[in-house]
Every structure is written in structure tokens, then in C-alpha cells.
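*Asks:* Quick one, structure for this:
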Amino acid sequence: MHWLVRLDWLHAFYGSSNIFRISRRRVIKTGWFVRTTEAATMRYVARHTSIPVPKVYDAWTLPDGRGGAISMEWIEGAETLERRWPSMSNKQKLKVVVQLRGYVDELRSLSQPPDQEGWIGPLDSSPCWDARLKGQPCGPFPSERAFNQFRLSLLDQFK
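*Replies:* The predicted model follows:
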């Protein structure tokens, strides 16, 4: 059972999730579109890249099965790029763009775990969630071929 000692509502992301600060160094992100696979991905990225990712303490599915929660590290002084961008100089913006490019390059260089080679789906083997499918789970898929066959099967509804 997860008990919340202190809740300070911090931020809502377009109605899909909320972030609550529960202590000086910890927050909980929760909502319908929060999945435990997000926590697994954050841990994987933290282990295999230099990309700064908040430390994940715990993740769970909500009791009603519709969404989840992730307990993670609060990074003091962090500010969203969306908020900061308008006040940045061109030199600062260029520095951010170069840094983001480096992060994307790192992500692209990641290899799949050996036991999941060719696999299309989350690291934790849970179903995929595709917004184009109105939040319906699908997969995971053992291969690109299986994924493509699934995508093509969606066209059958238009026959």
C-alpha cells in the first residue's frame, strides 16, 4: 500500500497526468495515461545513457486498472524548457539544441536487450498504447513483420 504523507499539486500535463510533491525530494506522477512501462523506460535510459533522468523509486498500476503512478526524484530548481525558452538568448537556445541532438543520438544508438531482439513493444513486455487507437492496448509484437501486419489489419474496418 502506498501512503501519501504530504501532497502539493505541482503540475498537470494536458489533463492526462498530475504531479504531486510528497516530500522535499520526491514526487508522484499519476493519471490515466501513466504506465509502469514509463518507469521501466526511465530506468533503462538512466542505466544506458548520460541523459539526466529522475531516479524512479516505485511504479504501480492504479487499483481500478485505468492508469498508474510513478514515485520519482524531485529535481530542485528544474524548469521546463517551454517556460524558459522565450527568455533565452540565441546562443543559449543553440546550446540546448546541440544538447538535445546529443541525447537523441544516444537514444538512437541504444540496442535492444538481447532477449528482446526484433521485439516491438515496451521493455517490460506489457501491451503497447497507441493514441491513434484511442488508448486501446495492442501488442507487444515479436517482430517488425507482426507489427506491420497488425497495422495493416486496422484497414480492414474500412472494407
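
*Asks:* Next, name the residue at the spatial heart of the chain.
*Replies:* In the chain, the residue lying closest to the centroid (C-alpha atoms, centre = their mean) is E38, at 4.0 Å.

*Asks:* For it, report the pLDDT, please.
*Replies:* At E38, the pLDDT value in this model is 92.

*Asks:* try E106
*Replies:* 97.

*Asks:* for K29, same thing?
*Replies:* At K29, pLDDT is 92.

*Asks:* Can you check my assumption that it lies in a strand?
*Replies:* Yes - judged by DSSP: H, G, I helix; E, B strand; the rest coil, K29 forms part of a strand.

*Asks:* was I right about it contacting S17?
*Replies:* Yes - counting by C-beta atoms under 8 Å, K29 does reach S17; the two are 5.6 Å apart. C-beta coordinates here come from the backbone N, C-alpha and C atoms, glycine included.

*Asks:* Thought M72 was touching the residue nearest to the centre of the chain, still the case?
*Replies:* No - counting by C-beta under 8 Å, E38 stays clear of M72, with 9.8 Å between them.
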